[in-house]
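Engineer: Give me the fold of what follows.
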Amino acid sequence: MAAPAEAKADFLLPVHEGPWTMEDVLALPEDHSQRIELVDGMLLVSPLGSYSHQRLVGRAFAALNGACPKEFEATVELNVELSTGRLVIPDFTVVEPCDAGVTFPVENVLLVGEVLSKSTRMADLVTKRLLYAEARVSYYLIIDPVPGAPVATLYLRDDRPEYHEVARSVNGVLTFEPPFPFPATIDLNV
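Structural biologist: Numbers count the residues shown, from 1 in each chain. Take a look at the predicted model:
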């Protein structure tokens, strides 16, 4: 019986002592095979989404981008700095454009969106939902690619400390109405 071949990685995380900092993470070499986020000195590392995951991200982004009035802009995979020691990369966002560098200030983020996957489901439903709420991001859109029609749920964080549901897709189509700042319809049927 032959021994398994040793895998050769293009990039491995360097040996690191103590908690990671924003500077440590931003100094890492670019790695297009995974997403590296920072939460309180700990790295959240996940693979990039599958083809079906990216298709849903693309549909949500395209619909939001097409619906945004001039004062907003839709983006994908933006480095959002929540606070010192917290850097996340939502699948898509709606932001108020500003002069930003490598990281984007959370104060200018209206909506964050995540498409659930096997490797990110718990982080998206629990950890990131809490982080976004603590950072006072007004809207959180979660897309669950369940068999049949994907389910999209829009949550609002108003004067309450946690998100509450304000819209849910029907047959894979989500429509935003007030209190959302602009009308939009996202058709997730692929």
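Engineer: rest of the way, CA atoms for contacts and neighbours
Structural biologist: OK.
Engineer: in the chain, which spans are helices?
Structural biologist: Per DSSP state H, the chain carries helices over the ranges 22-26, 51-67, 121-122, 128-134.
Engineer: quick one, which of those is nearest to residue 14?
Structural biologist: helix 22-26 (10.2 Å; C-alpha to C-alpha).
Engineer: can you dump the C-alpha coordinates of that closest one into PDB?
Structural biologist: Extracted in PDB, the C-alpha atoms of helix 22-26 (Å, rounded to 0.1, in the frame of the first residue of the first chain):
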ATOM      1  CA  MET A  22      -5.900  43.800  12.300                       C
ATOM      2  CA  GLU A  23      -2.400  44.700  11.100                       C
ATOM      3  CA  ASP A  24      -1.400  41.000  11.200                       C
ATOM      4  CA  VAL A  25      -4.400  40.000   9.100                       C
ATOM      5  CA  LEU A  26      -4.000  42.800   6.600                       C
END
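Engineer: Can you give me the buried ones in that helix?
Structural biologist: 22, 25, 26 (16 or more other C-alpha atoms under 10 Å).
Engineer: Kindly report the same for stretch 127-134.
Structural biologist: For stretch 127-134, the neighbour count (16+ other C-alpha under 10 Å) marks 128, 129, 130, 131, 132, 133 as buried.
Engineer: what's the answer for stretch 88-99, then?
Structural biologist: Neighbour-count burial for stretch 88-99 [16+ other C-alpha under 10 Å]: 88, 89, 90, 91, 92, 93, 94, 95, 96.
Engineer: Was I right to think residue 113 contacts residue 92?
Structural biologist: Yes: Residue 113 lies in contact with residue 92 (C-alpha atoms under 8 Å); the separation is 5.1 Å.
Engineer: how about the strands in the protein?
Structural biologist: 34-39, 42-47, 73-76, 80-83, 86-88, 92-95, 104-105, 109-115, 139-144, 151-156, 164-168, 173-176, 184-187 (DSSP state E).
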